[in-house]
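Novice: Give me coordinates for this.
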Amino acid sequence: MARLKISITSYRTDLSDKDLRQLSQLGVDCIDFGDGSAFPGVQEEGYPDLDALLRLKRRIRSYGMDINRVTLPDLSAAYMRNEPDAERELENAVMALKVFGEAGIPIARQRFAADTHPELLVQYRAVHRGGMVARGEMVAGAADAQALLEAYWRHWERFCEAYRRLVPAAEDAGVRLGIHPSDVPLPGTLFGGLGYRRVIDAFPSPSVGYVYCVGTRAEEGGSALVLDEIRQLGRRGRIFLVHFRNVRGSLPTAKAFEEALLDDGDLNMFKVLLELRRVGFDGCLNPDHVPILEGVDFPTRPGWPNTCIHWTYGNIGYAYSIGYIKALLFAMTEYGV
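Specialist: Modelled structure (predicted):
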């Protein structure tokens, strides 16, 4: 059985030497890049520059780590609405896949606009033990189900048009395409619930699978749903990367949820890890969203005011999460489970 690894997400590619030293010291194995526009060349040409990407990869490797997952240039609302000239975005994503394949990057994620319905939710600042700040979201009210369904099928067709181009390109490039679930996974979201499962029904290629987000799926159905999906998707080899995070509450039970530290939510994360082991998952565990602990200074991003969605130097919440995952992995190995 291959050793499970730990990755962190960075939205920057200009990581400093002290950034890379600290990540290496914490025991991180890989870096996942979460912003498709951050790579050199994207702003100028629409897709990454291969030479710059190879330099970045060599630099990360010099610190004992590697690149695990990258993000393709976004497919915007203009693409989803099928506006004139939006196809250029898809061409750039295809070119990016070719570049990432030449650089030997194993996993790529494509982001799609309109995969969530934030207008149906209220964000709030949850406060956990000791005054720790966490992301909370609550259902705001009833939605027009018929309008949501009509929008879903429009967006689904645009997704399929994109994947009909991206999947063959990924197969040729030797890159696996991982889709992340819609967060928040309300009914009618493109990659929430049934839509998430529908991806591999429509595209059965072994190059198509999931960035499986434990926290996001727990938002939809708690521990039972997470364990069931790991069994169903994992035994088919379709889980490429795991966002390993915990939450309190869920949409069906509380009409709300709050992100939590790994030891402080509703899920038993050791049971989740054991289920991943049982289905043969051998990729990276990424702590992903982390609540805001005392003394943490982090750059906020639009739409995410109450959580840290990517690693930054000195963020003790990430250090805590990395250490917690390493302890779970040690316990699993030590006791042969």
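
Novice: which residues in this structure form strands?
Specialist: For the chain, applying DSSP state E gives strands covering 5-10, 30-33, 66-71, 107-109, 121-127, 133-139, 176-179, 208-213, 239-243, 246-248, 256-260, 284-286.

Novice: helices or strands next to the second one in the packing?
Specialist: Contacting strand 30-33 under the criterion 3 or more C-beta pairs under 8 Å, 6 or more residues apart in numbering; DSSP states H and E are the following elements: strand 5-10, strand 66-71, strand 284-286. (Glycine included, C-beta is placed from N, CA and C.)

Novice: rewinding a little: present the strands of the chain as a markdown table; the columns should include distance to residue 42 and mean pLDDT.
Specialist: A markdown table is the format used below for the strands of the chain (distance: least, C-beta to C-beta, whole Å; pLDDT from 0 to 100):
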| stretch | distance to residue 42 | mean pLDDT |
| --- | --- | --- |
| strand 5-10 | 15 | 98 |
| strand 30-33 | 11 | 98 |
| strand 66-71 | 10 | 98 |
| strand 107-109 | 13 | 98 |
| strand 121-127 | 29 | 97 |
| strand 133-139 | 28 | 97 |
| strand 176-179 | 18 | 98 |
| strand 208-213 | 20 | 98 |
| strand 239-243 | 21 | 98 |
| strand 246-248 | 32 | 98 |
| strand 256-260 | 29 | 98 |
| strand 284-286 | 22 | 98 |
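
Novice: what about residue 200, how many neighbours?
Specialist: Close neighbours of residue 200, defined as other C-beta atoms under 10 Å, add up to 17.

Novice: re earlier: so for residue 187, which of the strands of the chain sits nearest?
Specialist: Of all the strands of the chain, strand 133-139 sits nearest to residue 187, with 10.4 Å by C-beta to C-beta.

Novice: thinking again about what came up before, most tightly packed of the helices and strands packed on strand 30-33?
Specialist: strand 284-286 (a mean of 27; mean count of other C-beta atoms under 10 Å).

Novice: ok so, going back, which of the helices and strands packed on strand 30-33 sits closest to residue 262?
Specialist: strand 284-286 (10.3 Å).

Novice: Can you lay out the helices and strands packed on strand 30-33 as JSON lines showing distance to residue 295?
Specialist: Formatted as JSON lines, the helices and strands packed on strand 30-33 follow (distance: least, C-beta to C-beta, whole Å):
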{"stretch": "strand 5-10", "distance to residue 295": "19"}
{"stretch": "strand 66-71", "distance to residue 295": "29"}
{"stretch": "strand 284-286", "distance to residue 295": "23"}
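
Novice: Would you tell me which of those gets closest to residue 205?
Specialist: strand 66-71 (17.9 Å).

Novice: if we can go back for a sec, of all the strands of the chain, which one is nearest residue 292?
Specialist: Distance to residue 292, taken as C-beta to C-beta, is lowest for strand 133-139 among these, at 4.1 Å.
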